[in-house]
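Trainee: sharing a model prediction with you, sequence too.
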Amino acid sequence: MEFFGRHGVLPEEQRLGQRFIVDLVMNLDLHKAGYTDDLEASVNYAEVFARVKEIVEGVPVKLLECLADRIAQAVFEGFSLVESLEVTIHKPGAPIPGIFKDAQIKIRRQRHEYI
(Lines give C-alpha, C1' and ligand atoms only; values in the text may rest on other atoms or scores of the structure.)
Protein backbone atom coordinates (compact mmCIF):
# COMPACT_ATOMS: atom_id res chain seq x y z
CA MET A 1 0.00 0.00 0.00
CA GLU A 2 1.37 3.44 -0.87
CA PHE A 3 0.36 6.72 0.71
CA PHE A 4 1.51 10.31 1.06
CA GLY A 5 2.24 11.21 4.67
CA ARG A 6 3.98 13.84 6.76
CA HIS A 7 5.94 11.74 9.23
CA GLY A 8 9.50 12.33 10.34
CA VAL A 9 11.75 13.91 12.92
CA LEU A 10 12.70 16.93 10.81
CA PRO A 11 10.23 19.83 10.51
CA GLU A 12 10.63 19.77 6.71
CA GLU A 13 9.40 16.17 6.58
CA GLN A 14 6.22 17.09 8.39
CA ARG A 15 5.74 20.22 6.31
CA LEU A 16 6.50 18.83 2.83
CA GLY A 17 5.52 15.19 3.28
CA GLN A 18 6.61 12.18 1.26
CA ARG A 19 5.67 8.70 0.08
CA PHE A 20 5.34 5.80 2.51
CA ILE A 21 4.91 2.15 1.57
CA VAL A 22 3.17 -0.17 4.02
CA ASP A 23 3.33 -3.97 3.91
CA LEU A 24 0.81 -5.62 6.22
CA VAL A 25 0.67 -9.35 6.86
CA MET A 26 -2.31 -10.45 8.95
CA ASN A 27 -2.53 -13.90 10.51
CA LEU A 28 -5.94 -15.41 11.15
CA ASP A 29 -7.73 -18.71 10.83
CA LEU A 30 -9.05 -18.85 7.26
CA HIS A 31 -10.36 -22.41 7.22
CA LYS A 32 -14.01 -21.36 7.39
CA ALA A 33 -13.55 -18.62 4.78
CA GLY A 34 -11.90 -21.06 2.43
CA TYR A 35 -14.60 -23.65 2.91
CA THR A 36 -17.67 -21.38 2.83
CA ASP A 37 -16.53 -18.50 0.56
CA ASP A 38 -18.09 -16.18 3.18
CA LEU A 39 -16.51 -12.74 3.71
CA GLU A 40 -17.73 -12.73 7.31
CA ALA A 41 -15.23 -15.54 7.99
CA SER A 42 -12.34 -13.38 6.80
CA VAL A 43 -11.23 -9.75 6.76
CA ASN A 44 -12.46 -7.17 4.26
CA TYR A 45 -9.20 -5.98 2.68
CA ALA A 46 -10.79 -2.79 1.37
CA GLU A 47 -11.71 -1.83 4.93
CA VAL A 48 -8.19 -2.61 6.14
CA PHE A 49 -6.74 -0.49 3.32
CA ALA A 50 -9.03 2.42 4.23
CA ARG A 51 -8.00 2.25 7.89
CA VAL A 52 -4.27 2.13 7.11
CA LYS A 53 -4.70 5.04 4.65
CA GLU A 54 -6.44 7.09 7.33
CA ILE A 55 -3.53 6.54 9.73
CA VAL A 56 -0.66 7.12 7.28
CA GLU A 57 -2.27 10.19 5.72
CA GLY A 58 -3.45 11.48 9.11
CA VAL A 59 -1.77 12.96 12.15
CA PRO A 60 2.02 13.10 11.72
CA VAL A 61 4.37 11.21 14.04
CA LYS A 62 8.13 11.41 14.30
CA LEU A 63 9.03 7.71 14.26
CA LEU A 64 8.16 4.95 11.81
CA GLU A 65 7.94 2.68 14.86
CA CYS A 66 5.07 4.77 16.23
CA LEU A 67 3.31 4.77 12.86
CA ALA A 68 3.60 0.99 12.60
CA ASP A 69 2.28 0.53 16.12
CA ARG A 70 -0.74 2.76 15.38
CA ILE A 71 -1.52 0.60 12.36
CA ALA A 72 -1.22 -2.59 14.42
CA GLN A 73 -3.50 -1.23 17.12
CA ALA A 74 -6.11 -0.10 14.58
CA VAL A 75 -6.15 -3.49 12.86
CA PHE A 76 -6.62 -5.32 16.15
CA GLU A 77 -9.37 -2.91 17.21
CA GLY A 78 -11.23 -3.06 13.91
CA PHE A 79 -10.77 -6.67 12.80
CA SER A 80 -11.41 -9.16 15.59
CA LEU A 81 -10.37 -12.23 13.60
CA VAL A 82 -6.76 -11.05 13.23
CA GLU A 83 -4.65 -13.00 15.74
CA SER A 84 -1.24 -11.54 14.93
CA LEU A 85 0.33 -9.30 12.31
CA GLU A 86 3.49 -7.89 10.83
CA VAL A 87 3.75 -4.28 9.67
CA THR A 88 6.66 -3.07 7.55
CA ILE A 89 6.93 0.61 6.71
CA HIS A 90 9.24 1.76 3.93
CA LYS A 91 10.34 5.38 3.67
CA PRO A 92 12.07 5.76 0.29
CA GLY A 93 12.71 9.48 0.72
CA ALA A 94 14.25 9.39 4.17
CA PRO A 95 16.67 12.31 4.65
CA ILE A 96 19.79 10.19 4.92
CA PRO A 97 22.93 11.24 3.07
CA GLY A 98 23.94 8.39 0.81
CA ILE A 99 22.59 5.92 -1.70
CA PHE A 100 19.88 3.57 -0.41
CA LYS A 101 16.59 2.06 -1.54
CA ASP A 102 14.61 3.02 1.55
CA ALA A 103 14.65 3.20 5.30
CA GLN A 104 12.32 0.63 6.79
CA ILE A 105 11.16 -0.86 10.04
CA LYS A 106 9.20 -4.01 10.76
CA ILE A 107 7.17 -4.85 13.83
CA ARG A 108 5.42 -8.06 14.79
CA ARG A 109 2.52 -7.96 17.20
CA GLN A 110 0.02 -10.36 18.69
CA ARG A 111 -3.54 -9.52 19.69
CA HIS A 112 -2.96 -10.28 23.38
CA GLU A 113 -0.38 -7.45 23.50
CA TYR A 114 -3.18 -4.91 22.88
CA ILE A 115 -5.92 -6.24 25.12
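Mentor: Looks like it arrived, so ask away.
Trainee: from here on, contacts and neighbour counts on C-alpha atoms
Mentor: Noted.
Trainee: who's in contact with the longest strand anywhere in the chain?
Mentor: For the chain, the longest strand by residue count, based on DSSP state E, is strand 18-27. Residues from elsewhere that reach strand 18-27, judged by Cα atoms under 8 Å, 6 or more residues apart in numbering: 1-6, 56, 82-93.
Trainee: just the buried members of these?
Mentor: Buried members of the contacts of strand 18-27, scored by 16 or more other Cα atoms under 10 Å, are 5, 6, 56, 82, 84, 85, 86, 87, 88, 89, 90, 91.
Trainee: among those, which ones are in strands?
Mentor: 5, 84, 85, 86, 87, 88, 89, 90, 91.
Trainee: the residue lying closest to the third one once chain neighbours are set aside: neighbour count?
Mentor: Ranked by Cα to Cα, 6 or more residues apart in numbering and with sequence neighbours excluded, the top spatial neighbour of residue 85 is residue 26, at 4.4 Å. As a burial measure, residue 26 scores 18 neighbours (other Cα atoms under 10 Å).
Trainee: please apply the same query to the one 5 residues further on.
Mentor: Here the number of neighbours of residue 31 (other Cα under 10 Å) works out to 11.
Trainee: could you do the one 5 residues further on as well?
Mentor: Around residue 36 sit 10 other residues, with neighbours defined as other Cα under 10 Å.
Trainee: so what's the most centrally placed residue in the chain closest to, chain neighbours aside?
Mentor: Centroid check for the chain by Cα atoms, centre = their mean gives residue 71 as the closest residue, at 4.5 Å. Once flanking residues are discounted, residue 71 sits nearest to residue 52: 6.1 Å by Cα to Cα, 6+ apart.
Trainee: isn't the one you found right next to residue 72, touching?
Mentor: No. Using Cα atoms under 8 Å, residue 52 is not in contact with residue 72, being 9.2 Å away.
Trainee: ok, which stretches of the chain are strands?
Mentor: 2-5, 18-27, 84-91, 103-110.
Trainee: parallel or antiparallel, list what pairs with the third one.
Mentor: According to DSSP bridges, strand 84-91 forms sheet pairs with strand 18-27 (antiparallel), strand 103-110 (antiparallel).
Trainee: circling back: the residue nearest to the centre of the chain contacts residue 55, doesn't it?
Mentor: Yes. Using Cα under 8 Å, residue 71 is in contact with residue 55, at 6.8 Å.
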